[in-house]
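S.K.: model this:
(4 chains)
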2 protein chains.
Amino acid sequence: MMKMHIPHDTRQDARPFSQILDRLRGAGLRPTRQRMALAKLLFEGGDRHLTAEMLHADAQSANVRVSLATVYNTLHQFHRAGLLREIVVDSQRTYFDTNMSDHHHFYFDQSGELADIPGDQVEVAALPAAPDGMEVSRVDVVVRVRPQGA
Amino acid sequence: MMKMHIPHDTRQDARPFSQILDRLRGAGLRPTRQRMALAKLLFEGGDRHLTAEMLHADAQSANVRVSLATVYNTLHQFHRAGLLREIVVDSQRTYFDTNMSDHHHFYFDQSGELADIPGDQVEVAALPAAPDGMEVSRVDVVVRVRPQGA
DNA sequence: CCAGTTATTTAAAACAATTCTAATCTTGAC
DNA sequence: GTCAAGATTAGAATTGTTTTAAATAACTGG
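M.R.: Residues are numbered from 1 along each chain as shown, chains lettered A, B, ... in the order given. Just a heads-up that it's a prediction; the model follows:
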């Protein structure tokens, strides 16, 4: 095999993968071909809400050969590593959200789709105290919407 | 069989079933033995969060013979008829909530259980406009809690 | 109260999303 | 390179839920 020239760029933002690579390493996950490819698909397209099946289809289209089982494993590992947020609103599918910032969601009842609501557009002004011995880990606000007049 | 004396009480709240019966009829549902028995189990125990499997088990213990398929059908029908609220927070189970008043929920991450938060203990002060052509059907607030320090 | 019609119930099969299994490959450390 | 631990895979298994088709029960008009 020919040895290729790889430009050695030391700028932080010019190495889009070192960050993910570091986060994977930090979570004790080896940066394998599959995990890197899935991370690329997940994080290069802006904020997304996707299911395992959707990501698997994405991978196929991008000619990344990866099994569905690996997609499931990877999504859960990324979730545990704090790279993804898991959202359950529909009993038939589990979404993973690449947007980790503070925000909430619209849920379209008919289509089962999700859309982000920026964190500053929802204000939860009052919350009860957590039950004894418990602490709040997150507050999810889901605004369910339907076509007008339906 | 002996003919029993049934006190003829005309007070509204002394006929716990006529209300459900009317609502079933209103929804075009025949008041069958199974539906009436399930309604009794559901609505005589105060506010509850239960899954189809849980209600089915309840029915067995109460010696009500009802198939699991009927429990699923009935829960969905009651939901459509506005007698129950459906809650999905955990991809592995769908809960039905007998409390139809305005309220929200605590979700216990480890056990997968739900608890009510009275409506007046949560205040959503700001909400975005619904997307074009859509209207808000409901706002769900889920406060996820975990054991302190976990 | 009967016959006819329609809704309901049921066991069993089918299903969809997800997880598990056991075998085969990769990776990273030496 | 060698090796052990970790990762991937196809396929089977599992779980929660829905569907099917047949049997049963509820309603309706006479």
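
S.K.: Mind listing residues that contact stretch A:66-83?
M.R.: For stretch A:66-83, the surrounding residues in contact (CB atoms under 8 Å, 6 or more residues apart in numbering or on different chains) are A:20, A:23-24, A:26-27, A:29, A:34-35, A:37-39, A:42-43, A:52-53, A:55-56, A:59, A:84-86, A:96, A:100. Using the backbone N, CA and C atoms, a C-beta is placed for each residue, glycine as well.

S.K.: Those residues, buried ones only, as a ChimeraX selection?
M.R.: Listed next is the ChimeraX selection for buried residues among the contacts of stretch A:66-83, using 16 or more other CB atoms under 10 Å in any protein chain shown:
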select /A:20,23,24,29,34,35,37,38,39,42,43,52,55,56,59,84,85,96
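
S.K.: Select from the contacts of stretch A:66-83 every entry located in helices.
M.R.: Cross-referencing those with the helices (criterion: DSSP state H) gives A:20, A:23-24, A:26, A:34-35, A:37-39, A:42-43, A:52-53, A:55-56, A:59 as the overlap.

S.K.: Pull the most distant pair out of those.
M.R.: A:26 and A:53 (28.2 Å; CB to CB).

S.K.: Report the central residue of chain A.
M.R.: Ranked by distance to the mean C-alpha position of chain A (CA atoms, centre = their mean), the top residue is residue A:98 at 2.8 Å.

S.K.: in its sheet, what does the longest strand belonging to chain A sit against?
M.R.: With residue count as the measure and DSSP state E as the assignment, chain A has strand A:134-147 as its longest strand. For strand A:134-147, the paired strands and their directions (DSSP bridges) read strand A:103-108 (parallel), strand B:134-147 (antiparallel).

S.K.: With mean pLDDT, distance to DNA strand C and mean neighbour count added, can I get those strands in TSV?
M.R.: Below are the strands paired with strand A:134-147 laid out as TSV (pLDDT from 0 to 100; distance: least, CB to the nearest atom of the strand, whole Å; neighbours: other CB atoms under 10 Å in any protein chain shown):
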stretch	mean pLDDT	distance to DNA strand C	mean neighbour count
strand A:103-108	96	15	20
strand B:134-147	96	17	17
